[in-house]
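>>> what's the 3D shape of this:
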Amino acid sequence: MDGSLQTDLEAKLIGIENLGLPELRAEWRRLYRKPPPHRLSRDLLIRGIAYKIQEAVHGGLSKPTLRRLKIVSDQSASGAERKLERQAAFKPGTKLLREWNGTTHEVQVVADGFEWRGQTYASLSKIAKAITGAHWSGPRFFGLRARTQSPTSRLRESKNV
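Below is the predicted model of the structure:
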């Protein structure tokens, strides 16, 4: 981004902090093409307006990010009690390798899931179970998610500090 564009952006962002509540509401209406949510705080009005101004200069969120936000929002709105986890997004053709009991297992990401030994599976967890015979978190089995520490190991580490 060239210097004058950056300076202009910074000036706009500083300028919105000096606006009163009626002016902030009017700016929100102009940028979002609808009135701000009822009782939205001044701070959140400023943040929302600043986001829109920066979005105009730098571009918005990517389509995959917008899709993921929609999924999380829908799960939250429906009161889904399951933990909202980040889903790993792999492009078809990606290969995952895992050695288990002396055998290297290769899993390939395909458009509708994961392929292992010529068969397509909907999840990595099903493949991990087929390999080990036990229930595993597929992403954890394939090293895509860090192992969480037990409370006792965290306690030992904190005492060693």
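>>> same for the longest helix along the chain, what does it pack against?
Scanning the chain for the longest helix, with DSSP state H as the assignment, gives helix 42-58. In terms of contacts (3 or more Cβ pairs under 8 Å, 6 or more residues apart in numbering; DSSP states H and E), helix 42-58 is packed against helix 3-17, helix 21-32. From N, CA and C alone the C-beta is placed, and that goes for glycine too.
>>> deepest of these, which one?
helix 21-32 (a mean of 14; mean count of other Cβ atoms under 10 Å).
>>> ok, residues contacting that one?
Helix 21-32 is contacted from outside by I16, L19, P35, P36, R42, L45, I46, G48, I49, K52, I53, using Cβ atoms under 8 Å, 6 or more residues apart in numbering.
>>> redo that, cut-off 10 Å
15-17, 19-20, 34-37, 40-42, 44-46, 48-49, 51-53, 55-56 (Cβ atoms under 10 Å, 6 or more residues apart in numbering).
>>> in PyMOL, how would I select just the buried ones from these?
In PyMOL syntax, the buried subset of the contacts of helix 21-32 is picked out as below (16 or more other Cβ atoms under 10 Å):
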select buried, resi 16+19+36+45+46+48+49+53
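>>> ranking the helices and strands packed on helix 42-58 by mean pLDDT, which is last?
Lowest mean pLDDT within the helices and strands packed on helix 42-58: helix 3-17, a mean of 86.
>>> let me have the helices and strands packed on helix 42-58 in CSV, extended by distance to K95.
Output for the helices and strands packed on helix 42-58, formatted as CSV (distance: least, Cβ to Cβ, whole Å):
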stretch, distance to K95
helix 3-17, 41
helix 21-32, 44
